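A.B. asks: what's the 3D shape of this:
(chains A and B)
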Amino acid sequence: MNIAVCVKPVPDPEKYNLLEIDPKTKRLVREGIPTIINPADKNALEAALRLKELHGGRVAVISMAPLFSQDKIKECLAMGADEAYLISDRAFGGADTFSTSYTLAKGLEKTGIQFDLILAGNDSADGATSHVPSQLGEWMELPHITNITEIEIHDGIASVKKKISDGLIEYDMELPAVAGIARNSNQPRMVSAMGIVKAKNKKIEVYTQKDLDVDEGLIGLSGSPTQPGQLLTPDMSRNAKLLQGEPAEIAAELLAIIRKAGIAV
Amino acid sequence: MDFKLTEEQMLLKEAFRDFARAEVAPHAAAWDEEDHCPVELFSKLGELGLLGIFVPEQYGGVGLSHTERVMGLVEIARYSAGLAMFIFTHQLGMAAILDFGTEEQKANYLPDMCAGKTICGLAVTEPGGGSDVAGQKTTAKLVDGKWVINGRKCFITNSHIADITIITCKTGENDKGRALFTAIAVEKGTPGFQPGREEHKLGLKGSVTGELILNQVAVPEENVIGKVGGGTSIAMKEIGEVGRASMTAICTGICRGCLEESVKFANDRVLYGKPISKLQAIQFHIAENRLDYETSELLLYKAASVKEEGFPATAEFSMAKYFSTEAAVRASKRTIELMGGYGVIDEYPIGRFLRDAMASISSGGTSEIQKIIIAGDTLKKYS
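C.D. replies: Numbering: from 1, shown residues only, chains lettered A, B, ... in the order given. Prediction:
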């Protein structure tokens, strides 16, 4: 069983206080901010490694990211992935989810591997659109389901549980398929020292634009139909209101304010 | 000259840091308060690969070196110096087996120790002193193919929890009448072998320190580690290199703790309408904390690289140990001052850092002992 896992290096959420947005391009200024593997992508990788332990096969990691992200990809190899593919070229920079998913689909095609299952974190910690897994399924013309918390494979079928606001929906989907794995759906294994030593001998193949059979109109910033609009900083200033009167009156007024704010008490 | 870590070392450092943040940081204060040694974490540490990181793969280790080992200890000690003390003492005994043991002893003991299934210790110090190795009074006599050991060891880390303790014992004298010592592995549960008093320490809580009592303890002749009469070399080498490197790593970790806590506090604490990090007096404290941390780390890795190149590194480790333990005391005291009233409240870890730093001074030889070693080397090298 061959499984691909799409991973994305994202700014470390613990360092969000250092993040700035370029007022002209409306893009995140990431320079100097340490990156981590997107947490939900680690859940996806953990799900893939567990499936490999049960069914055998190989796990490949694929990422579209700058070349300096190789250490993050190595971390995935140290967790237990067998090989990695890094799509890296300035031409792919500034891509929205439409363009990113297109490029990832082309990268997966380039590996020449017939993947039975393609997993991705359901959403990224930075963009948080949750678009990529579904868009990838569309580009690859494969069935796709997002927000999956559990996945089992049997007889060429993936039986999955999809998290919704009020519970779970169970689906069966034919393989090959694409699945968006929900954040915190499992406990990703820790990276061990031995895993790191073994990762040294695992390959990371780098694909540039010329390696992929891509339509130039669908890649990078120019190939991205989504353009950020106005960026506004929410007004977080406190609005204090002094309640006066007898304690019982104040309590009644306070209760009314809380209920008016939509909180059921 | 290259001061950069390799890509593999950077990944290791990150893996150790992640582990320490997830498994150590949330519990460190409670371990200190309850003086609890977290043996329950040992198999996870084995899984992480830290325990046997310097042990070849054939004996269950990772096959890296002591440089990566101390890198891991720094990350653990950043949050719990006591746990780092427990780990390093285990590794100290393992190093003695690896460096001096027979093939059979290595195959028998090391895999379980690497996996965190068994705990190791090394016992040299006696009531008469630790650095006075020749003054040890514990004896071992060969009787009917068994070593019969009698004596008492004190201030022994892992005393009450070790499954296997390597004990140095007086086994005879040389032609000049000087005492000869032999290192002998004694397993927990051997009749006559029992822990005595458990010490309540100022710092490094979370590691167990106490007495070992040996009363007519008989162990097989093949339990000797290294040569009969070679115990002093084993103790001096392992304590001088592995031990002092580890104490340096622990104090480097404490220094980083002080640095990170001081930066966080200085940025968060607002006085006179701005964070105190804007005040020059506070910035001076932070700059000094940075220097103490970086200098300790540099001395640690310099000594480790000398050892890795196969040269004697006793003086280098003494310099590193002396500087870093004193630096950890300075940095924690300075950070308490920076934090004002908050510095002495147990909710913050700085008071613990100071106690841990103070408790680190005597382990592996006091600052005075380190200065004697440094001076001896200096007088030879620079004359």
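A.B. asks: number of nearby residues for residue 236?
C.D. replies: In the absence of a named chain, chain A is used. 5 (other C-beta atoms under 10 Å in any protein chain shown). (Glycine included, C-beta is placed from N, CA and C.)
A.B. asks: Wait, chain B was what I had in mind.
C.D. replies: Applying other C-beta under 10 Å, we find 14 residues neighbouring B:M236.
A.B. asks: Who are the contact partners of it?
C.D. replies: B:V133 (C-beta atoms under 8 Å, 6 or more residues apart in numbering or on different chains).
A.B. asks: in chain A, which spans are strands?
C.D. replies: Ranges of strands within chain A are A:2-6, A:9-11, A:20-21, A:28-29, A:35-37, A:58-64, A:83-87, A:117-121, A:144-154, A:157-164, A:167-174, A:177-181, A:204-207, based on DSSP state E.
A.B. asks: how near is the residue of chain A found nearest chain B to B:G72?
C.D. replies: Nearest residue of chain A to chain B, counting by C-beta to the nearest C-beta: A:A193, 3.0 Å away. Applying C-beta to C-beta, to the nearest Å, the value for A:A193 to B:G72 is 8 Å.
A.B. asks: Same question for A:K161.
C.D. replies: Using C-beta to C-beta, we find A:K161 at a distance of 38 Å from B:G72.
A.B. asks: more neighbours, these two?
C.D. replies: Using other C-beta under 10 Å, the more surrounded residue of A:K161 and B:G72 is B:G72, with 31 against 18.
A.B. asks: Point me to the helix or strand that includes that one.
C.D. replies: Using DSSP states H and E, B:G72 falls within helix B:66-79.
A.B. asks: now stretch A:34-43: mean pLDDT?
C.D. replies: Taken as a whole, stretch A:34-43 has a mean pLDDT of 94.
A.B. asks: end-to-end on that stretch?
C.D. replies: 20 Å (C-alpha to C-alpha, to the nearest Å).
A.B. asks: Chain A against chain B: which residues are in contact?
C.D. replies: Within chain A, the positions lying close to chain B (C-beta under 8 Å from any C-beta of the partner chain) are A:71, A:74-75, A:78, A:190-197, A:199-200.
A.B. asks: now for the helix or strand where B:K170 lies, which elements pack on it?
C.D. replies: Here B:K170, judged by DSSP H and E, is contained in strand B:164-173. The contact analysis (3 or more C-beta pairs under 8 Å, 6 or more residues apart in numbering or on different chains; DSSP states H and E) places strand B:164-173 against helix B:81-100, strand B:120-123, strand B:139-143, strand B:146-157, strand B:179-187, strand B:209-220, helix B:231-237.
A.B. asks: Residues in contact with stretch B:190-202: which ones?
C.D. replies: B:35, B:149, B:152, B:155, B:159-160, B:186, B:208-219, B:355, B:358-359.
A.B. asks: So, low pLDDT: which residues of the chain?
C.D. replies: Since you didn't name a chain, this refers to chain A. Along chain A, segments meeting pLDDT under 70 are nowhere present.
A.B. asks: oops, chain B please
C.D. replies: Residues of chain B that meet the cut-off, pLDDT under 70, sit at B:129-131.
A.B. asks: any chance you could map the helices in it?
C.D. replies: Secondary structure of chain B (DSSP state H): helices located at B:7-19, B:28-34, B:42-48, B:66-79, B:81-100, B:103-114, B:231-237, B:244-268, B:280-308, B:314-339, B:350-360, B:367-381.
A.B. asks: can you pull the buried residues of the last one?
C.D. replies: By neighbour count with 16 or more other C-beta atoms under 10 Å in any protein chain shown, helix B:367-381 contains the buried residues B:367, B:369-370, B:373-374, B:377.
A.B. asks: same question, the third one
C.D. replies: Of all the residues in helix B:42-48, those buried under the rule 16+ other C-beta under 10 Å are B:42, B:45-48.
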